[in-house]
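In: Sharing a sequence plus its predicted fold:
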Amino acid sequence: MTIGVAARTGCIGKERSNPSSRSDQSVGRLADTCYRPTRVTIDLDRLVDNVVALRQNANVRSFAAVLKADAYGHGAVAVGRKLCQSGVVDAFVVALVEEGIELRQSGITLPILVAAGNYAGKAYVDVIAHQLTPIVGSIEDLHGFSDAASTLGVDRVAVHLEFDVGMARLGFQVESLSQLRMAVEGLDRVVIAGMMGHPSHAELPDAIRTSEQETLLTSICDVVVPNRSVKDCPSGLMVHMANSSALTTSHRQDTFELARIGLAIFGIQPVPSLPLKGIKPILEWTADVVALRTIAKGQTVGYDGKWTAQRTSRIATLAVGYADGYPRSFSNRAEVLIEGNRARVVGAICMDYTMIDITDIPAADRIGARATLLGQGPKAPDVTELALWAESISWEILSRIGSRVPRFYLGAQ
């Protein structure tokens with residue numbers, strides 16, 4: 001089954017120098033060069049175990065790992081390299097052309113799908129030059145890639161077409177199918193290697209809407225490319241719609257050839273009420289105590305005095321703040337795990353610091369005591385809990401962990 005452009009033989013080629021790469025820096029960062037005691041630790045061996053388990057759950061022929069937003073805050077280059085070396089994925093998906101180029105420059109050679117939504121100017125040429133496979137949702141972009149292929153002297157450029165099956169966000173609409181088919185037939189340098197949709201209700205345990213959208217995508221494929229037989233793509237058309245949530249709610253995965261899985265490969269349950277088997281979180285986020293003080297009853301903590309001590313209290317300051325991706329909405333709401341006990345965040349979270357109440361946790365009353373902000377243990381806050389505190393979703397919590405928080409990798413090669 002053809003996904004798109006396979007850049008070179010093998011999975012990881014020669015690494016190219018890219019000193020501005022965030023993920024490359026975090027992979028190579030040493031403990032003795034990290035002066036601020038907050039860190040994220042990522043278990044790459046567990047990542048591989050998760051993908052193996054998910055492939056057993058997913059009744060699809062090919063598996064693409066979604067590495068957009070720096071692999072949901074886990075580090076796209078480190079994650080991509082590990083998955084390549086382990087041979088457990090067939091392709092990657094990113095959201096930006098820049099993200100695809102970063103993976104290529106790190107030496108990754110598996111097919112990379114780019115779901116950029118729109119491409120302008122130099123993007124057409126750069127996508128082809130870096131052997132990326134664009135996901136296209138407009139006739140203008142089809143012409144853009146055809147023209148760029150001509151400019152570069154490339155005979156064929158493989159693309160995947162995106163269709164709006166209910167998101168009302170990106171992709172060709174049903175009303176434009178006849179116009180699209182005419183455009184495709186007139187572009188000799190463009191090869192339709194795949195067609196996709198994005199489910200809008202896959203997080204809901206009731207799969208009725210997802211099933212309707214899967215049926216719509218299938219019917220669209222039959223109109224645009226009858227019999228799924230594609231010129232210059234002898235293995236047939238690759239149709240894909242399943243994301244992490246759809247692995248739990250869709251009953252028709254076997255009708256498609258590819259699954260695009262993001263959140264679940266990191267061990268996070270996309271639909272907690274319908275847990276996927278065999279996956280475990282791979283990320284732990286910690287910060288150390290850097291200051292301590294006793295405050296009197298009635299004294300306030302932090303900007304604008306948003307928390308007032310109801311008794312004489314012991315306050316610890318952690319080296320993490322909203323500039324690191326620990327949201328200000330956690331103020332007076334979140335809890336951390338420190339010395340085996342939960343401690344409440346008190347006062348407004350600052351840009352660089354967070355204060356916690358350790359009055360009832362004497363073992364935490366020391367500089368250097370380590371607090372778990374996000375972890376996997378039985379008492380540690382998990383990402384679902386953090387999302388509730390932030391009135392958000394797990395996807396946002398992970399992807400907002402800032403670049404200035406160093407990543408340390410277990411199982412990196």
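Out: Yep, that arrived.
In: how close does Gln299 get to Gln310?
Out: 10 Å (CB to CB, to the nearest Å). All C-beta spots, glycine's among them, are computed from the backbone N, C-alpha and C.
In: Which one of these two is surrounded by more residues?
Out: Gln299 (15 against 8; other CB atoms under 10 Å).
In: Kindly provide the distance from that one to Arg342.
Out: 22 Å.
In: Same question for Lys297.
Out: 22 Å.
In: Give me the more crowded residue out of these two.
Out: Taking neighbours as other CB under 10 Å, Lys297 and Arg342 compare with Arg342 leading, 16 against 10.
In: could you point out which element follows the helix or strand of the chain with the lowest mean pLDDT?
Out: Within the chain, no helix or strand scores below helix 22-28, which has a mean of 41 by mean pLDDT, DSSP states H and E. Sequence-wise, the next helix or strand downstream of helix 22-28 (DSSP states H and E) is strand 38-43.
In: which other helices and strands contact that next one?
Out: Secondary-structure packing of strand 38-43 (3 or more CB pairs under 8 Å, 6 or more residues apart in numbering; DSSP states H and E): strand 283-295, strand 407-410.
In: between those strands, which one is nearest to Ile356?
Out: strand 283-295 (8.4 Å; CB to CB).
In: Show me what that closest one is packed against.
Out: Short answer (3+ CB pairs under 8 Å, 6+ apart): strand 283-295 packs on strand 38-43, strand 313-318, strand 370-374.
In: Now tabulate those in JSON lines and tack on distance to Gln85, mean neighbour count and mean pLDDT.
Out: Putting the helices and strands packed on strand 283-295 into JSON lines (distance: least, CB to CB, whole Å; neighbours: other CB atoms under 10 Å; pLDDT from 0 to 100) gives the following:
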{"stretch": "strand 38-43", "distance to Gln85": "15", "mean neighbour count": "22", "mean pLDDT": "96"}
{"stretch": "strand 313-318", "distance to Gln85": "35", "mean neighbour count": "22", "mean pLDDT": "98"}
{"stretch": "strand 370-374", "distance to Gln85": "26", "mean neighbour count": "22", "mean pLDDT": "98"}
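In: Could you save those strands as JSON lines and add columns showing distance to Ala53?
Out: JSON lines is the format used below for the helices and strands packed on strand 283-295 (distance: least, CB to CB, whole Å):
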{"stretch": "strand 38-43", "distance to Ala53": "14"}
{"stretch": "strand 313-318", "distance to Ala53": "34"}
{"stretch": "strand 370-374", "distance to Ala53": "21"}
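In: Can you say which of the ones you listed is nearest to Glu102?
Out: Among those, if distance is taken as CB to CB, the winner is strand 38-43, at 17.5 Å.
In: what lines up beside the closest one in the sheet?
Out: strand 283-295 (antiparallel), strand 407-410 (parallel) (DSSP bridges).
In: Minimum distance to Glu99: which of these has it?
Out: Among the strands paired with strand 38-43, strand 407-410 comes nearest to Glu99, with 16.3 Å by CB to CB.
In: CA atoms of that closest one as CSV?
Out: Presented in CSV, the C-alpha positions along strand 407-410 are these (Å, rounded to 0.1, in the frame of the first residue of the first chain):
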residue,chain,number,x,y,z
ARG,A,407,13.2,16.6,28.0
PHE,A,408,15.2,13.6,29.3
TYR,A,409,14.7,10.3,27.4
LEU,A,410,14.8,6.8,28.7
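In: Show me which residues of that strand are buried.
Out: Buried residues in strand 407-410, defined by neighbour count with 16 or more other CB atoms under 10 Å: 407-409.
In: And stretch 55-64, by the same measure?
Out: So stretch 55-64, judged by 16+ other CB under 10 Å, has buried residues 55, 57-60, 62-64.
In: how long is that stretch from one end to the other?
Out: 10 Å (CA to CA, to the nearest Å).
In: which other residues reach that stretch?
Out: By CB atoms under 8 Å, 6 or more residues apart in numbering, the residues outside stretch 55-64 that reach it are 1, 3, 51, 54, 88-93, 113, 238, 240, 242, 247, 253-254, 256-261, 276-278.
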